[in-house]
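J.: Take this sequence and fold it.
(4 chains)
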Protein chains: 2
Amino acid sequence: MAGHGARNRSGGRPTLEEVAARAGVGRGTVSRVINGSPRVSDATRAAVEAAVAELGYVPNTAARALAANRTDAIALVVPEPETRFFAEPYFSDMLRGVGAELSDTEMQLLLIFAGNDRERQRLAEYLAAHRVDGVLLVSVHADDPLPDLLAQLEIPAVISGPRSAAETLTSVDSDNYGGARSAVEHLLSRGRGRVAHITGRLDVYGAQRRIDGYRAALRDAGHAPDEGLIEAGDFTEEGGSRAMAKLLARRPDLDAVFAASDVTAAGARQALREAGRRIPEDVALVGYDDSAIARHMEPPLTSVRQPIQEMGRTMIDLLLNEIADRRPSASRGLERRQVVLATELVARASS
Amino acid sequence: MAGHGARNRSGGRPTLEEVAARAGVGRGTVSRVINGSPRVSDATRAAVEAAVAELGYVPNTAARALAANRTDAIALVVPEPETRFFAEPYFSDMLRGVGAELSDTEMQLLLIFAGNDRERQRLAEYLAAHRVDGVLLVSVHADDPLPDLLAQLEIPAVISGPRSAAETLTSVDSDNYGGARSAVEHLLSRGRGRVAHITGRLDVYGAQRRIDGYRAALRDAGHAPDEGLIEAGDFTEEGGSRAMAKLLARRPDLDAVFAASDVTAAGARQALREAGRRIPEDVALVGYDDSAIARHMEPPLTSVRQPIQEMGRTMIDLLLNEIADRRPSASRGLERRQVVLATELVARASS
DNA sequence: AGGTACTGTGGGAGCGCTCCCACAGGTGAT
DNA sequence: ATCACCTGTGGGAGCGCTCCCACAGTACCT
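T.: Prediction:
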């Protein structure tokens, strides 16, 4: 059991000093053992470890943070209201990946919502106080000032979904371009010739990349560019439904739709139903994200899966590296790293 | 703007000492201003505040934690896998209430999952290191050792859903007894005479209280006790379905069912359908929780609503009090506080 | 006039660590 | 033997706060 060591006047937790006395060594040596330094003899190490166990010693985090100027904590910042966080499986998958990668670390993960101005203000103060060693940023809009604040405070950060091709932060993303391509190629291979695209929010870089992939797939298959088959959506169900209605009015002969998200596809499905089109007989439908909604749709939705958990793990890897690299002076941000992970098409009955 | 004060050798963040020098006062006075002590003259306070603003001073959390022996952080511990956390609206509501109550505080909220042994081990170490000032415990099973660990470490804690009538921790709960009563009284007032009950997990105190409320309502209405109308469930859909089938076999004449949760009611509904009973014509159905599932059921489910967000807020209140009370020596746990919040019946088409 | 009691203030003494310099003792080349 | 250079170790000097004691100044009693 733990909890002897009632040495200090208040019977509080044992300190390094007490462990040192117990093991018959100096304070520095105990510190070395605790922190896994190799410059300790085996015999000494064993003695210290015994003392630690006997006293039930646990390092004082605050003291360590003060002396070493680090917090051993990183924040996962979600610039969305909590409701969206719980509604979208994206976040829980991300959290799972991050948590898994962090579990053999001493690092503590903080989950911080910054969905409204008040929460953002709090976050700014939090970051200014340097209460975390690094930040993970997910789902950031193009005009968000957060990345700049982070850069100004010189806090290591990794972003999921770069804001543009010229993203200055280290970033992790899935292959939106390739994912879109594979979706369209899949539809073409099924014999569809008039493939429409309902886009995501146009101020989101990933949505742009999906448009690029859509265009490239058609071009490479020898189709002439046809902007009339593209309609802007906004990642919502209603937007998808609206866009689909417009497309049907403009191109009643379309036989396939690639939607920029599963939710968008759900909206499109609704509009297709109302127009009396059958899925997939009349119009094939492909979504993006492979979320729960895709599996439960009627008919089940073909979708592009992103390796979200792996993205989370990768983000942590990169962030821990940045934190470790944050050395006195010398090189800063020489190599900005942009990792892109492959997607996978999951074919179901809708195409 | 922030960020002058490049006094220290490394150009780092300004310290208390520097603010004091700038304002022409002593260190102690600045500390008093920062911490809102009343024993500072208005003139001095103004001077210090000006210096703070000019230098962009932000207190160093680690130093404060070390000197004051507190962390200004509390943990919301969820002894469930993350999947359940995201699946059940209970947790997001709770989180919202907690977050709201905490937003005008300096306190930082940590979300900690302890769904498997490994996570539990980590949590134990975390608590042993006293990295939080207090703990919020939600959804704890009767045999969970966590509350005892907390007590042993003398960490203030508040539990939602006491483990028994003799709960030793400060607790917040909704009125399970009253909620069950109101559900049954509602059914009786609708002219139903043979009201069955599908219980929750019997090792959950709240489920027992709901059974008590069910019995009391029937007794007070002059009905003779009839244990044959009670069947054990386990809060799951499958359990509800199974229990309902047993009840129908045993008491084909029942005309109403009070289920211990909405999910249980969903299972019961399934079994009723399969037996060819109409809801509510043949059998009226009432659930518990008023979750999303209740609103979306066909027909919409009458249910007992718990004020979950308010429970979250109340838990924070109590916890902050406990933390503040944790004074040197003197009184400890003299008054254990058990708060019970009222529920509300939401009548819909199923009854 | 002296006492008592406040208010407001300065600054010493830690809090429990990490960092780093100093140094003992060993080992091998000169 | 002397020197150079390792490995392992002890402990001083902080890190930036809070706590608390001391004390000046003022106010109000006797």
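
J.: Confirm that A:A21 sits in a strand.
T.: No - assignment of A:A21 by DSSP: H, G, I helix; E, B strand; the rest coil gives helix, placing it outside any strand.

J.: give me the beta-bridge partners of A:A259?
T.: A:A259 has these beta-bridge partners by DSSP bridges: A:I198.

J.: What is the neighbour count of it?
T.: 31 (other Cβ atoms under 10 Å in any protein chain shown). All C-beta atoms are positioned from the backbone trio N, CA, C, and that covers glycine.

J.: cool, A:P147 as well?
T.: 18.

J.: helix, strand or coil for it?
T.: Applying three-state DSSP: A:P147 is helix.

J.: Grab the nearest non-local neighbour of it.
T.: Using Cβ to Cβ, 6 or more residues apart in numbering or on different chains and skipping the chain neighbours, the partner closest in space to A:P147 is A:L169 (5.5 Å).

J.: ok, the one you found - contacts?
T.: Counting by Cβ atoms under 8 Å, 6 or more residues apart in numbering or on different chains, A:L169 makes contact with A:L137, A:P147, A:L150, A:A151, A:A157, A:V158, A:I159, A:P162, A:R336.

J.: Select only the buried ones of those residues in ChimeraX?
T.: Here is the ChimeraX command that selects the buried residues among the contacts of A:L169 (16 or more other Cβ atoms under 10 Å in any protein chain shown):
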select /A:137,147,150,157,158,159,162
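
J.: Turn the contacts of A:L169 into TSV, columns for pLDDT, distance to A:E119 and secondary structure.
T.: Output for the contacts of A:L169, formatted as TSV (pLDDT from 0 to 100; distance: Cβ to Cβ, whole Å; DSSP: H, G, I helix; E, B strand; the rest coil):
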residue	pLDDT	distance to A:E119	secondary structure
A:L137	95	14	strand
A:P147	92	17	helix
A:L150	93	16	helix
A:A151	90	21	helix
A:A157	95	18	strand
A:V158	96	21	strand
A:I159	96	19	strand
A:P162	92	23	coil
A:R336	66	28	coil
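
J.: Closest one to B:A180 out of the contacts of A:L169, please.
T.: Taking Cβ to Cβ as the measure, B:A180 lies nearest A:L137 of the contacts of A:L169, at 46.0 Å.

J.: thinking that closest one is in contact with A:D148, fair?
T.: No - counting by Cβ atoms under 8 Å, A:L137 sits too far from A:D148 to count as a contact (11.7 Å).

J.: So which residues on the stretch 1-150 of chain A come close to DNA strand C?
T.: A:8, A:12-13, A:15-17, A:27-28, A:31, A:34-35, A:57, A:59-60, A:63-64, A:66-68 (Cβ under 7 Å from any atom of the strand).

J.: For DNA strand D, see how far away the closest residue to A:R70 other than its chain neighbours is.
T.: The shortest distance from A:R70 to any non-neighbouring residue, by Cβ to Cβ, 6+ apart, is to A:D133 (5.4 Å). Per Cβ to the nearest atom of the strand, to the nearest Å, A:D133 is found 16 Å from DNA strand D.

J.: got the contact list for A:D133?
T.: A:R70, A:T71, A:D72, A:A73, A:I74, A:M107, A:I155, A:P156, A:I323.

J.: just A:Q121 next, same as before
T.: Counting by Cβ under 8 Å, 6+ apart, there are no residues that A:Q121 touches.

J.: Are any of the contacts of A:D133 buried, and if so which?
T.: A:T71, A:D72, A:A73, A:I74, A:M107, A:I155, A:P156, A:I323.

J.: Angles on the backbone of the third one, please.
T.: Per-residue torsions, A:A73: phi -130, psi 140 (degrees, to the nearest 10).

J.: In this structure it contacts A:L111, no?
T.: No - using Cβ under 8 Å as the test, A:A73 is too far from A:L111 to be in contact (11.3 Å).

J.: who touches the closest residue to A:S171 other than its chain neighbours in this structure?
T.: The spatially closest residue to A:S171, leaving aside those adjacent along the chain, is A:P162, at 4.1 Å (Cβ to Cβ, 6+ apart). Taking Cβ under 8 Å, 6+ apart, we find A:P162 in contact with A:L169, A:S171, A:D173, A:Y205, A:Q338.

J.: Then A:A224?
T.: By Cβ under 8 Å, 6+ apart, A:A224 lies in contact with nothing.

J.: how much space between it and A:I230?
T.: Remark: distance between A:A224 and A:I230 (Cβ to Cβ, to the nearest Å) = 14 Å.

J.: So A:L285 is in contact with A:R277, correct?
T.: No - with contact defined as Cβ under 8 Å, A:L285 does not reach A:R277; the gap is 9.7 Å.

J.: Among those two, which residue is more densely surrounded?
T.: A direct count of neighbours by other Cβ under 10 Å for A:L285 and A:R277 places A:L285 higher, at 28 against 20.

J.: ok, what's across the strand from that one?
T.: Bridge pairing for A:L285 - DSSP bridges - gives A:V257.

J.: quick one: pLDDT of it?
T.: pLDDT, A:L285: 98.

J.: now the one 3 residues further on
T.: On pLDDT, A:Y288 comes in at 96.

J.: what does the one 4 residues further on give?
T.: Confidence per residue is given as pLDDT, and for A:A292 that number is 79.

J.: what's the burial count for it?
T.: For A:A292, using other Cβ under 10 Å, the count is 11.

J.: Leaving out sequence neighbours, find the closest residue to it.
T.: The nearest residue in space to A:A292 (Cβ to Cβ, 6+ apart) is A:P89, at 5.8 Å.

J.: quick one, what contacts the one you found?
T.: So A:P89 contacts A:S291, A:A292, B:F86 (Cβ under 8 Å, 6+ apart).

J.: What distance do you get for the second one to B:F86?
T.: Translated: A:A292. 11 Å.

J.: ok, and the closest non-adjacent residue to A:T83?
T.: B:S92 (7.4 Å).

J.: what's the following helix or strand after the longest helix anywhere in chain A?
T.: Ordering each helix of chain A by length in residues (DSSP state H) puts helix A:308-325 first. As assigned by DSSP states H and E, the chain's next helix or strand after helix A:308-325 is strand A:338-341.

J.: need the helices for chain A, in chain order.
T.: With helices called from DSSP H, chain A shows them at A:16-23, A:27-34, A:42-55, A:61-68, A:82-87, A:89-102, A:117-128, A:146-152, A:176-189, A:205-220, A:237-250, A:262-274, A:292-296, A:308-325.

J.: Export the ones you listed as JSON lines, with columns for distance to B:A216.
T.: Output for the helices of chain A, formatted as JSON lines (distance: least, Cβ to Cβ, whole Å):
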{"stretch": "helix A:16-23", "distance to B:A216": "57"}
{"stretch": "helix A:27-34", "distance to B:A216": "58"}
{"stretch": "helix A:42-55", "distance to B:A216": "54"}
{"stretch": "helix A:61-68", "distance to B:A216": "50"}
{"stretch": "helix A:82-87", "distance to B:A216": "36"}
{"stretch": "helix A:89-102", "distance to B:A216": "40"}
{"stretch": "helix A:117-128", "distance to B:A216": "44"}
{"stretch": "helix A:146-152", "distance to B:A216": "54"}
{"stretch": "helix A:176-189", "distance to B:A216": "59"}
{"stretch": "helix A:205-220", "distance to B:A216": "57"}
{"stretch": "helix A:237-250", "distance to B:A216": "45"}
{"stretch": "helix A:262-274", "distance to B:A216": "46"}
{"stretch": "helix A:292-296", "distance to B:A216": "41"}
{"stretch": "helix A:308-325", "distance to B:A216": "49"}
